[in-house]
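Visitor: Predicted model, plus sequence, below.
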Amino acid sequence: EVQLVEFGGGLVQPGGSLRLACVASGFNFRTYDMSWVRQAPGKGPEWVSGMNSGTGSTYYTDSVKGRFTISRENAENTGYLQMNSLKADDTGVYYCNVKIFDRDYWGQGIQVTVSS
């Protein structure tokens, strides 16, 4: 059974940092691209970042470029999203995502709140 479980969310002040982790199981994690998607209160889902499993290429939405870094440790079946210089607009529920044979799999989501 494919499972994705996120860790590392919480409350942080503006300008602070958090690192989210996504622990994968039930499939060969190293062979699939992964993404992070967030949903702010009252808004639709927003793709945040992605990472190609083969090339290691990374991609970011404009609003997080230079502040967020996606990475993965295949030996630990874990993906990460390092978030620095956090802003109130980064508040939301963050989900990790993997697409396997055209089917999307999602974690349970984890809350990130940026507030003073």
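Guide: Happy to help now that I have it.
Visitor: neighbouring strands for the host helix or strand of Val37, and are they parallel or not?
Guide: Per DSSP states H and E: Val37 is located in strand 34-39. With DSSP bridges as the test, strand 34-39 is paired with strand 45-51 (antiparallel), strand 92-100 (antiparallel).
Visitor: Please work out which of the ones you listed is packed deepest.
Guide: The highest mean neighbour count among the strands paired with strand 34-39, using mean count of other C-beta atoms under 10 Å, belongs to strand 92-100: a mean of 20. Any C-beta I mention is one placed from the backbone N, CA and C, and that applies to glycine too.
Visitor: Tell me the gap between that strand and the middle of its chain.
Guide: The gap between where strand 92-100 is centred and where its chain is centred comes out at 6 Å by C-alpha atoms, centre = their mean, to the nearest Å.
Visitor: What of stretch 7-24?
Guide: Put simply, stretch 7-24 sits 10 Å off its chain's centre (C-alpha atoms, centre = their mean).
Visitor: hang on, the earlier thing: mean pLDDT added to the strands paired with strand 34-39, as a markdown table?
Guide: Below are these laid out as a markdown table (pLDDT from 0 to 100):
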| stretch | mean pLDDT |
| --- | --- |
| strand 45-51 | 98 |
| strand 92-100 | 97 |
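Visitor: mind checking which of those strands is nearest Gln3?
Guide: strand 92-100 (10.3 Å; C-beta to C-beta).
Visitor: Can you show me the strands along the protein?
Guide: All strands of the chain, identified by DSSP state E, fall at 3-7, 10-12, 18-25, 34-39, 45-51, 58-60, 68-73, 78-83, 92-100, 103-106, 110-114.
Visitor: circling back to that earlier point, with distance to Asn74 as added columns, please give the strands paired with strand 34-39 in CSV.
Guide: Output for those, formatted as CSV (distance: least, C-beta to C-beta, whole Å):
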stretch, distance to Asn74
strand 45-51, 11
strand 92-100, 13
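Visitor: Out of these, the one nearest Gly9 is which?
Guide: Nearest to Gly9 among the strands paired with strand 34-39 is strand 92-100; the distance by C-beta to C-beta comes to 6.6 Å.
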